[in-house]
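**Q** sequence first, predicted model second:
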Amino acid sequence: MRSGGWKWIAGLSIVALLAAGAYVAGSGPRGGAGPADPNEADSAAYDFEANAVVVRQTDAEGRLLYRIQAAHVAQLPREGAIAANDLSMHYDPPEAPADGSQRWTLTAQSARLPENGDIVELQGAVRVSGRLQDSSSVATFSTERMDYNLKTQDISTAVPVEVHGGGVRLSSDAGLHANIKEGTVELESAHAQYAP
Amino acid sequence: MPSTLPDCRRGTLLLTGLLLCLQPVLAAKVEPRIDKETPLEIDGTNVQHNLNTGTLRARDVTITQGPGTTIRAAVANGRGLKNGYDNSSWELSGAIHIEFDNLVLDADTATVVFNDQRIATVRVQGKPARFTHQQKEARRNEGRASTIDYEARTGNLRLAGSTWLFDGRNEVQSNTLLYNLNDGVISNDRKSDDSGPVKIIIRPGKPPTVPTPRTPDRSTAQ
């Protein structure tokens, strides 16, 4: 994804909304009422907001790369970032089978998607789960706050986090850095438990 | 009195004699308890785990399996962790301390292999590597060598390279020695080509000490 690639999310969101006939507030300043709860500075007005958004991003061959579903989406006027609530996202790694068997799913209570950048800031009951390469095992990352880089598939958090998968449960109070594409997890200090 | 016996046969005979002396002490057979119920727990810093390849690297590591098994090392590299820890192997380095089945090993480097949810083999190396083993209802044995190999299947500790073994009273020194944790038998390694001299020190038991009668103090003597 190019830098600033989040513009497509806004565009696609609107397209999806129009197609679905969902509630859409047109461009221009608007009050911040609604289920979204962006920060105070941005709550005065949105460029747009929408409910029940579904965004699909495909590659040149029409293969699904991302599917993002959110209960509410609003574009914040100052920096153009997009705030989403009750977000779930599905990601198929490159060269993954089309049946979705290696699909990664991300859910969070809220997300902030900068207009120019690839990092999604997730908050509240964040879960990232997906099947590991060459394995029937599913890995799940659980935390309360996480940054997720859509371009590199890096995830990072500085708060307590748990990782389940491959017969191990990793936990850390000091956060982690991981790459879900590579399956790598780095923790400053951690407790690992391998089941018999 | 210490005696150096360069002749391998004489050494073997003396070793056999020593074993006969030690046998009543070492006769208590101990079956190693296998912990297959509790998980393997690992605490460490700078933990790098690759879930795809099943490898783990960590520093200042403590690995435990229930209350009886503890492994500590400055650096640990684990492999074969893709689906749990069975058949995993661990390369350890720096300030290694391993405890299991009443055996304690201290060394500079180690390789630990798990199989069937328990420690299957251990190789420790150091300058020297050391072990202590508490026989049930018997005295504690200790030893050192450049390399110590443990095999769960046989219960053997194989000491190689400047070995020294001490049962609390008697000593054996050789290039290689086998010490069986299950029955406490010490023997030379017949499979080894390294049949160097054997040095055995047998210390007689101390006679019971009788307190020396006190000389009466002149001032209080009547």
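**A** Nice, I can see it.

**Q** isn't B:Val124 right up against B:His97?
**A** No: checked against C-beta atoms under 8 Å, the pair B:Val124 and B:His97 is beyond contact range at 10.0 Å. For glycine as for every other residue, the C-beta is placed from the backbone atoms N, C-alpha and C.

**Q** list residues touching both of these two?
**A** B:105-106 (C-beta atoms under 8 Å, 6 or more residues apart in numbering or on different chains).

**Q** between the two, which is the more surrounded one?
**A** In this view B:Val124 and B:His97 are compared by other C-beta atoms under 10 Å in any protein chain shown, and B:Val124 has more residues nearby, 26 against 15.

**Q** what's opposite the more buried one in the beta bridge?
**A** On the basis of DSSP bridges, B:Val124 is bridged to B:Ala110, B:Ile148.

**Q** quick one, strands of chain A?
**A** Taking DSSP state E as the criterion, chain A carries its strands at A:24-25, A:48-58, A:64-75, A:82-91, A:104-113, A:119-131, A:138-149, A:154-157, A:161-165, A:168-172, A:176-179, A:184-194.

**Q** once you drop chain neighbours, what's closest to the residue nearest in space to the middle of chain B?
**A** In chain B, the residue lying closest to the centroid (C-alpha atoms, centre = their mean) is B:Phe131, at 3.3 Å. Distances taken as C-beta to C-beta, 6 or more residues apart in numbering or on different chains place B:Leu105 nearest to B:Phe131, at 5.1 Å, with adjacent residues excluded.

**Q** any idea how far chain A is from the one you found?
**A** Distance, B:Leu105 to chain A, using C-beta to the nearest C-beta, to the nearest Å: 22 Å.

**Q** which SSE is that residue in?
**A** strand B:103-115 (DSSP states H and E).

**Q** that strand: which residues count as buried?
**A** B:103-110, B:112-114 (16 or more other C-beta atoms under 10 Å in any protein chain shown).

**Q** of these, which pair is most distant in space?
**A** Within the buried residues of strand B:103-115, B:Asp108 and B:Phe114 form the most distant pair, 21.2 Å apart (C-beta to C-beta).

**Q** dump the strands of chain A into JSON lines; add mean pLDDT, distance to B:Ile42 and mean neighbour count as well.
**A** Below are the strands of chain A laid out as JSON lines (pLDDT from 0 to 100; distance: least, C-beta to C-beta, whole Å; neighbours: other C-beta atoms under 10 Å in any protein chain shown):
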{"stretch": "strand A:24-25", "mean pLDDT": "42", "distance to B:Ile42": "51", "mean neighbour count": "16"}
{"stretch": "strand A:48-58", "mean pLDDT": "84", "distance to B:Ile42": "39", "mean neighbour count": "19"}
{"stretch": "strand A:64-75", "mean pLDDT": "85", "distance to B:Ile42": "35", "mean neighbour count": "21"}
{"stretch": "strand A:82-91", "mean pLDDT": "90", "distance to B:Ile42": "30", "mean neighbour count": "22"}
{"stretch": "strand A:104-113", "mean pLDDT": "92", "distance to B:Ile42": "26", "mean neighbour count": "21"}
{"stretch": "strand A:119-131", "mean pLDDT": "94", "distance to B:Ile42": "22", "mean neighbour count": "20"}
{"stretch": "strand A:138-149", "mean pLDDT": "95", "distance to B:Ile42": "17", "mean neighbour count": "19"}
{"stretch": "strand A:154-157", "mean pLDDT": "95", "distance to B:Ile42": "20", "mean neighbour count": "20"}
{"stretch": "strand A:161-165", "mean pLDDT": "94", "distance to B:Ile42": "13", "mean neighbour count": "21"}
{"stretch": "strand A:168-172", "mean pLDDT": "95", "distance to B:Ile42": "9", "mean neighbour count": "21"}
{"stretch": "strand A:176-179", "mean pLDDT": "94", "distance to B:Ile42": "15", "mean neighbour count": "21"}
{"stretch": "strand A:184-194", "mean pLDDT": "94", "distance to B:Ile42": "4", "mean neighbour count": "21"}
